[in-house]
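S.K.: What follows is a predicted structure for the sequence shown.
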Amino acid sequence: MADAAEAEEIDSVEIDGNLYIGTLSIPSFGLELPILSEWSTAGLKIAPGRYYGTAQTNDLVICGHNYTRHFGNLDCLEYDDVLYFTDVNGSIFYYEVEEVTILQPTDVEEMISQTSTGWDLTLFTCTMSGQARVTVRCSRIS
């Protein structure tokens, strides 16, 4: 998937042959997850990956498997829960959950369109049935 973020250099660190852009912390679950620089079917078995955008451009979309150790509990996040993304340069971006919704697998445009959604951070995973996507929308906070 080509996007504006690919036109600019995204800082990353290589670990064990994989490129990572930072970590996502979800304190309410006690999770701190490395985030791959790009998602791929093989990569998602290792860690969640960047699907679109960047934290710096306020349009970061991260996808992950519904494994409990990854995004399996996304549907349990609640309004006002705080999460944060730390990039490889040490910059921390704080977010607050605004909504948790279910989208159909074909709703790709709703997942990535900053102008139509206005969300600073979107996380998504498949539902346990695999028939839809649990989608968490977050706004950046200071």
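M.R.: That came in fine, so what should we check first? In this text the structure is predicted, and so the values were computed from the model without any measurement.
S.K.: so what's residue 65 up against?
M.R.: With CB atoms under 8 Å, 6 or more residues apart in numbering as the criterion, the residues that contact residue 65 are 44-45, 48, 71-72, 125-126. The C-beta positions use only the backbone N, C-alpha and C, and glycine is treated the same way.
S.K.: Equivalent analysis for residue 133, please.
M.R.: With contacts defined as CB under 8 Å, 6+ apart, residue 133 is in contact with 102-105, 107, 111, 124-127.
S.K.: if we go to 10 Å?
M.R.: By CB atoms under 10 Å, 6 or more residues apart in numbering, the residues touching residue 133 are 63, 66, 74, 101-108, 110-111, 124-127.
S.K.: partner residues bridging the residue nearest to the spatial centre of the chain?
M.R.: Compute the mean C-alpha point of the chain, and by CA atoms, centre = their mean the closest residue is residue 62, 2.1 Å away. Applying DSSP bridges to residue 62 yields these beta-bridge partners: residue 50, residue 123.
S.K.: for the contacts of residue 65, which one is nearest residue 140?
M.R.: Lowest distance from residue 140 to the contacts of residue 65 (CB to CB) belongs to residue 48, with 18.6 Å.
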